[in-house]
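>>> just a sequence and a predicted model for now, questions to come.
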Amino acid sequence: MKICVIGQGYIGLPTAMLFAKNGCDVVGVDVNDEVVNNLNDGKIHIEEKGMNEILKEIINNNYKASLTPEQADVFIITVPTPAKMEDLSCDLSYVHAACLSIIPVLEKRNTVIVESTIAPMSMDNFIKPIFEEANFKIGEDLFLAHCPERVLPGKIIYELINNDRIVGGITPKCTQKAVEVYKIFVKGEIAKTEAKTAEMSKCMENTFRDVNIALANELTKICQKINVNALDVIELANKHPRVNIHSPGPGVGGHCLAIDPYFIYALAPEQAKIIKLARDTNNSMPEFVVDNLKNIIKNENIKENNIKENNIKIAILGIAYKGNTDDIRESPALKIIKLLENDGYDLSIYDPHIENENIKNSYCLKDNLEEAIENANIALILSDHNEFKNLDYDLMENLMENPVIFDTKNIVKNDPNNKVKIINFGNLSR
Ligand SMILES: NC(=O)c1ccc[n+]([C@@H]2O[C@H](COP(=O)([O-])OP(=O)(O)OC[C@H]3O[C@@H](n4cnc5c(N)ncnc54)[C@H](O)[C@@H]3O)[C@@H](O)[C@H]2O)c1
């Protein structure tokens, strides 16, 4: 089977690789020539476990990257779907461009699958008409389906193979055709449904996570006000067999949780009240972090009355929204950095997972932890990278001006020797 995957990012590239690894002839298409050139040179532009090894196996064999689509049996679209600035609805312009790009090479009996996360009814009202205008009869001579992706960055290869999938076709025959494609490497259950149900299921999965994180964040704010340890509350409440309060944090990032709930909200704003409130709560967390950071600076006597903000050095540890990845899309760390810069603080930023030179330069990232924490008045943890879980407290005591850590991801343990003071969402008000 020949498969053309449109978009070679976090979803499209590993998907293309797994089809190639399982014997398909695969063309990975991307509009970014740097991405295409790098892939054809055997270089991967995203950090994800296991991908380098697979690329080595398939490149110059049955996988190649290309700027343009080619004739194939199956086309899989994995391009971005951001929220529109004006009304937060799903921006289908990339999907539209991707659909138009395959029409010149599309043939009767082909299957087209949209994996990009799209708002409910997008397949019926927007994507199907694009192919009908090109004279295809959906369900008869072209098979069109939505198969949303639900992988966890950092575990993408494992989850692509093992997660259950939802396949929603425009017609039952479209669904069946798409199911046959995924059977090539998916070991999880492949559930069949119609397109609009698949679309809504995906949007609701991310909304569920966003709303539950918002609840944990709201709990943190309440506990700070009434002086209760939020982390203890979560641990104890979760001993109830049917309760699972999520972890609070500095906000919600990434291309999914921070965006997809808006697709539902934009369709039914009067009904989607909890969904919008959860988004607002999670969006408010960077300010909450900055306000508390300022309190800590004051309470720990880091800022004497006559010291200006630009004399206070804050070591920011991590800018990726997700631990052990290099993904900074919608990362709350970026908003926190902006707020602190606006207030004139001296920032020293370190993220061991970021290798992209453009990102390194725009945030003046330090090369190592030592450089970042040297003479710092406080360290602010914003990513749950493994590198930050067992920090060397002797080193921090020696290098930092004030050995204080504000850990918004609740990953570091208390220093048994009390050389470094640890503040997290559990002891904010003390
Ligand atoms: N990243 C995730 O964890 C995740 C999980 C589930 C679903 N999704 C969804 O999958 C979709 C893709 O997300 P991603 O994270 O892979 O995005 P990404 O930005 O990593 O990759 C998208 C790629 O598509 C390319 N592209 C854009 N327009 C194109 C076109 N017309 N033709 C060819 N290539 C084009 C871009 O250059 C980019 O390399 C989105 O809808 C996203 O919401 C992502």
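Great, that's in hand.

>>> from the chain's centre, how far out does stretch 176-195 sit?
Mean-position distance between stretch 176-195 and its chain equals 24 Å (CA atoms, centre = their mean, to the nearest Å).

>>> for the longest helix along the chain, buried residues please.
Ranked by residue count and defined by DSSP state H, the top helix of the chain is helix 195-226. Along helix 195-226, these residues count as buried under the neighbour rule (16 or more other CB atoms under 10 Å): 195-196, 198-207, 209-211, 213-221, 223-224. No exception for glycine: its C-beta is placed from N, CA and C like everyone else's.

>>> count the neighbours of the residue of the chain found nearest the ligand for me.
Nearest residue of the chain to the ligand, counting by CB to the nearest ligand atom: Gly9, 1.7 Å away. Gly9: 16 surrounding residues under other CB atoms under 10 Å.

>>> kindly report the same for Leu340.
By other CB under 10 Å, neighbour count at Leu340 equals 22.

>>> the longest helix of the chain close to the ligand?
No - contact of helix 195-226 with the ligand (CB under 6 Å from any ligand atom) is absent, the minimum separation being 7.5 Å.

>>> just how off-centre is that helix within its chain?
On CA atoms, centre = their mean, the centre of helix 195-226 falls 15 Å from that of its chain.

>>> before we move on, what about stretch 172-182?
28 Å.

>>> need the residues of the stretch 51-200 of the chain near the ligand, please.
Residues of the stretch 51-200 of the chain lying near the ligand (CB under 6 Å from any ligand atom): 78-81, 94, 97-98, 101, 116-117, 149-151, 153.

>>> same list (these) but as CSV, adding pLDDT, neighbour count and secondary structure.
Shown next, in CSV, are those (pLDDT from 0 to 100; neighbours: other CB atoms under 10 Å; DSSP: H, G, I helix; E, B strand; the rest coil):
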residue, pLDDT, neighbour count, secondary structure
Thr78, 98, 29, coil
Val79, 98, 25, coil
Pro80, 95, 18, coil
Thr81, 96, 23, coil
Tyr94, 98, 18, helix
Ala97, 98, 13, helix
Ala98, 98, 26, helix
Ser101, 98, 19, helix
Ser116, 98, 25, coil
Thr117, 97, 25, coil
Glu149, 94, 21, coil
Arg150, 90, 16, coil
Val151, 91, 20, coil
Pro153, 80, 24, coil
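
>>> OK, contacts around the residue of the chain closest to the ligand?
By CB atoms under 8 Å, 6 or more residues apart in numbering, the residues touching Gly9 are Asp30, Ile46, Thr78, Val79, Pro80.

>>> ok, 10 Å please
By CB atoms under 10 Å, 6 or more residues apart in numbering, Gly9 lies in contact with Asp30, Asn32, Val35, His45, Ile46, Thr78, Val79, Pro80, His255.
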